[in-house]
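**Student:** could you look at this predicted model? Sequence included:
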Amino acid sequence: MTLKLLPLLWLALASLAGRALAWQAECSAFSLPSSVASSGTLLAATYYPAGALVNVSSSGGAVLSSSLPAFCRVQLVINTGSRNLTSTEVWLPDAWDGRFLAVGNGGWSGGVVYSDLAYSGLINGHASMSTDGGHTSSSLDGTWALNDPSAIIDYAYLSVHTSVVVAKQVVGAYYGQEAFKSYWLGCSTGGRQGLMSVQRYPEDFDGVVVGSPANWISHLQAWSVHVNLLVSPQTSPSWISAATWELVHQEVLNQCDGLDGVVDGLLNDPRKCFFRPETLACRPGQNSSTCLNAAQIGAIQKLYADYYETNQTYIFGRLEPGGELAYATGLLGPTPVELNTDYFKDMVLNDSNWDYTTLNYTTIQLADEIDTYRLDAVNPDIRDFVSSPWNGKVIHYVGWADQLISPHNSLYWYEQMTTFMNLNTDIDVDDYYRLFTAPGMTHCAGGDGPNGFGGEGQSAGGQPPLQPDAQHDVLRAMIEWVEDGQAPDFFIATKYVNNNASAGVQMTRPLCKFPTSIVYNGYGDTNNAGSFYCA
Ligand SMILES: *[C@@H]1O[C@H](CO)[C@@H](O)[C@H](O)[C@H]1NC(C)=O
Ligand SMILES: *[C@@H]1O[C@H](CO)[C@@H](O)[C@H](O)[C@H]1NC(C)=O
Ligand SMILES: *[C@@H]1O[C@H](CO)[C@@H](O)[C@H](O)[C@H]1NC(C)=O
Ligand SMILES: *[C@@H]1O[C@H](CO)[C@@H](O)[C@H](O)[C@H]1NC(C)=O
Ligand SMILES: *[C@@H]1O[C@H](CO)[C@@H](O)[C@H](O)[C@H]1NC(C)=O
Ligand SMILES: *[C@@H]1O[C@H](CO)[C@@H](O)[C@H](O)[C@H]1NC(C)=O
Ligand SMILES: *[C@@H]1O[C@H](CO)[C@@H](O)[C@H](O)[C@H]1NC(C)=O
């Protein structure tokens, strides 16, 4: 560097430092605008200079980092009108890009999702918000809801909506100008919350990105208990151990992996796999750890059947072949997941002693009655969101190997919404709602398939998008769609070695827009997205 440049460098550094000091002063002096005084209380506004230690955690997600950009952390209590108990944070970067982002929760978790505030919001320059939904709990624990309908309403929709209204005012007051666009990023419960905003509060967001949404809670929970009962308890003849699931997985690959033209351990479109577990039936004298008995075969046939129906009522979609390695640690353990049984105990029946083996159609009907327009976000009428003046957009993704919410829930919702909207509007669904499927990806992230593309939790979990651009990052794709009218036809997802970005890239693949799926061009490197197209 020449000596002539030094004074310039000093000037630049001094003005950066000066700007940081100005933001620090702004943050320390921050107070809530009077317009939201009845719905928000400021607990604290704390400035973190660039590189300061940020060490915050909740059941929703933790951050422990000394490499974040400078920001002001605003902590609020939100009065939803139902209760005054929601904890919400807004993180305001010095280097703001003018956008507002809200991120969603997981399971029944009551905890601000710090990890996504940092790694989906802050590092991308967005002013970002997350809420605990009105209670403190782990993602599996639903006991906070027992005999407390107002806590349920908060978690269902009021906490997010009221927080969004207040947070947008916080952004406007802090920067002296409002965010010019607002986005949602959420998976699972976060997906439900995103669809809830679309259905109930069309003015809240310009673009909503949802992954594998738990949007049909009443049916999802019934299905979850039902599929568990097909294999549990561990003493049942139909019980399938993790080791046996591995055997089944291998047989699924033997039968179906090559159907898509590439033998790579992934089913690009598992709907094309008509898996026959009977090929693994135990022969006389065969060691039972290497084959399936009749009860196990029956259970697998039911799990992979078209859908779960009872009393002539459609309940939920099926599990897909290909996801076996995660089934034993997901829904198909020795007992149902607590999250699923707590739903009936604490949100439907008010009976902590409910015995899940007695789940029956009357209880499912009761759940349906109670949760329609409460926790369930299944109203296919999204006309207000997608038409003028809001012109909102939705990007939806789901992993074909989802072990917690049947991927068919996403397809079912998409078809219900499409049917209603086509019957009632002139707008082409493709102009406002696009669904993408991820082969081999488990619930929201992880699995054997490419699973890093900017979805909620992925960056925080060590699988960031390969490049910070609209081709690799679903949130940037949404921003381009909303702001430039460039709608995505596919994304490129990345599979890192051992699902760990620092271990290097294993492969990239396109995620295709439903109903298309990935096709191999027949000659290119199968680890390279460029060797595939969507058809
Ligand atoms: C982070 O915070 C936790 C809980 O307050 C504390 O136990 C831990 O020592 C902190 N870590 C660092 C590196 O400061
Ligand atoms: C809401 O709760 C906060 C903190 O607990 C309290 O300071 C505030 O006065 C309450 N607001 C209302 C409207 O009750
Ligand atoms: C459960 O309890 C709540 C609050 O006490 C009540 O509103 C609701 O009707 C009860 N549900 C049933 C199924 O009894
Ligand atoms: C069956 O196979 C398992 C696993 O390979 C082995 O541990 C077990 O000893 C075998 N049982 C018999 C009866 O051979
Ligand atoms: C269904 O389950 C509920 C709740 O456990 C129980 O009260 C009811 O008696 C059951 N109904 C039938 C028909 O078994
Ligand atoms: C559902 O079907 C079962 C089996 O056919 C029957 O016993 C039960 O009464 C039905 N339940 C309701 C609520 O219709
Ligand atoms: C990811 O890989 C790096 C380097 O190979 C290693 O240090 C780190 O512990 C790994 N992280 C996880 C979560 O396994």
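**Tutor:** Yes, it's here. Numbering: from 1, shown residues only. Ligands and ions are numbered 1, 2, ... in the order given.
**Student:** tell me how many other residues surround the nearest residue to residue 343 once chain neighbours are set aside.
**Tutor:** Distance criterion CB to CB, 6 or more residues apart in numbering; nearest residue to residue 343, sequence neighbours excluded, is residue 221 at 4.1 Å. In short, each C-beta sits where N, CA and C put it, glycine included. Residue 221 is flanked by 28 other residues according to other CB atoms under 10 Å.
**Student:** need the pLDDT of the closest residue to residue 380 other than its chain neighbours.
**Tutor:** Excluding the flanking residues, the one nearest residue 380 by CB to CB, 6+ apart is residue 420, at 3.6 Å. Note on residue 420: pLDDT of 98.
**Student:** and the gap between the residue positioned nearest the centre of the chain and ligand 6?
**Tutor:** Central residue of the chain (CA atoms, centre = their mean): residue 187, 0.9 Å from the mean position. Distance, residue 187 to ligand 6, using CB to the nearest ligand atom, to the nearest Å: 34 Å.
**Student:** what pLDDT does the residue nearest to residue 343 get?
**Tutor:** According to the model, residue 221 scores 98 on pLDDT.
**Student:** so the residue nearest to residue 380 touches residue 378, yeah?
**Tutor:** No. Residue 420 lies out of contact with residue 378 (CB atoms under 8 Å); the separation is 10.7 Å.
**Student:** what about stretch 307-318, distance to the chain center?
**Tutor:** Between the centre of stretch 307-318 and the centre of its chain there are 24 Å (CA atoms, centre = their mean, to the nearest Å).
**Student:** export stretch 398-417 to PDB, keeping only CA atoms.
**Tutor:** The C-alpha atoms that make up stretch 398-417 are tabulated as PDB, following Å, rounded to 0.1, in the frame of the first residue of the first chain:
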ATOM      1  CA  VAL A 398     -40.600 -30.200   1.300                       C
ATOM      2  CA  GLY A 399     -38.200 -33.100   1.600                       C
ATOM      3  CA  TRP A 400     -39.300 -36.400   0.000                       C
ATOM      4  CA  ALA A 401     -37.700 -38.200   3.000                       C
ATOM      5  CA  ASP A 402     -39.600 -36.200   5.600                       C
ATOM      6  CA  GLN A 403     -39.900 -38.500   8.600                       C
ATOM      7  CA  LEU A 404     -42.200 -36.300  10.700                       C
ATOM      8  CA  ILE A 405     -44.800 -34.800   8.400                       C
ATOM      9  CA  SER A 406     -45.800 -36.800   5.300                       C
ATOM     10  CA  PRO A 407     -44.600 -34.900   2.200                       C
ATOM     11  CA  HIS A 408     -48.000 -35.600   0.800                       C
ATOM     12  CA  ASN A 409     -49.400 -33.000   3.300                       C
ATOM     13  CA  SER A 410     -47.600 -30.400   1.200                       C
ATOM     14  CA  LEU A 411     -49.000 -31.900  -2.000                       C
ATOM     15  CA  TYR A 412     -52.500 -32.200  -0.600                       C
ATOM     16  CA  TRP A 413     -52.600 -28.600   0.700                       C
ATOM     17  CA  TYR A 414     -51.100 -27.300  -2.600                       C
ATOM     18  CA  GLU A 415     -53.900 -29.200  -4.600                       C
ATOM     19  CA  GLN A 416     -56.700 -28.000  -2.200                       C
ATOM     20  CA  MET A 417     -55.500 -24.400  -2.500                       C
END
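**Student:** give me the phi and psi for the residue nearest to the centre of the chain.
**Tutor:** Main-chain torsions, residue 187, degrees, to the nearest 10: phi -130, psi 150.
**Student:** give me the nearest residue to it, chain neighbours excluded.
**Tutor:** residue 211 (3.3 Å).
**Student:** same deal with residue 501?
**Tutor:** residue 462 (5.5 Å).
**Student:** who's in contact with that neighbour?
**Tutor:** Residues in contact with residue 462, defined by CB atoms under 8 Å, 6 or more residues apart in numbering, are 496, 499, 500, 501, 502.
**Student:** how much space separates it from residue 438?
**Tutor:** Distance, residue 462 to residue 438, using CB to CB, to the nearest Å: 17 Å.
**Student:** thinking again about what came up before, more neighbours: residue 420 and residue 378, which one.
**Tutor:** A count of neighbours by other CB under 10 Å puts residue 378 above the other of residue 420 and residue 378, at 22 against 15.
**Student:** phi, psi of that one?
**Tutor:** Dihedral angles (degrees, to the nearest 10) for residue 378: phi -120, psi 20.
**Student:** please list all residues in contact with it.
**Tutor:** 215, 216, 372, 413, 416.
**Student:** and of the residues you listed, the nearest to ligand 5?
**Tutor:** Nearest to ligand 5 among the contacts of residue 378 is residue 372, at 19.2 Å by CB to the nearest ligand atom.
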